[in-house]
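[1] dropping a prediction and its sequence here:
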Amino acid sequence: MDILDIDKHKRMVGMIWLDDRNINLEMVQDGFAEAFMEYLKPPYRLEFVRAEKDARSGKKGIWSLTDYERPRAFRKRLKVSGGE
């Protein structure tokens, strides 16, 4: 694991590797994760942006859902409605 950052909740933000495979990138390519721009910096940023764009256009994984909502938007909506 390559630690890229520590977020505001003191959690490690990292790149997960299995041998020479970038698991984070594979998840984005397959539509099972978003590319969170908040933490992506060179040299990873461009590759992840392209992978998400391709997954979106190919309607893979989460991008095939008509009602997909980003986690941040969901938490914000939940907080506003008093659900937290």
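    Thanks, I have the structure now. Residues are numbered from 1 along each chain as shown.

[2] for stretch 42-51, buried residues please.
    Y44, E47, F48, A51 (16 or more other CB atoms under 10 Å). From N, CA and C alone the C-beta is placed, and that goes for glycine too.

[3] same list, the residues you listed, but as JSON lines with secondary structure and distance to K8 please.
    Output for the buried residues of stretch 42-51, formatted as JSON lines (DSSP: H, G, I helix; E, B strand; the rest coil; distance: CB to CB, whole Å):
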{"residue": "Y44", "secondary structure": "coil", "distance to K8": "20"}
{"residue": "E47", "secondary structure": "helix", "distance to K8": "25"}
{"residue": "F48", "secondary structure": "helix", "distance to K8": "21"}
{"residue": "A51", "secondary structure": "helix", "distance to K8": "25"}
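
[4] assign a three-state SS to T66, would you?
    coil (DSSP: H, G, I helix; E, B strand; the rest coil).

[5] near it, how many other residues are there?
    4 (other CB atoms under 10 Å).
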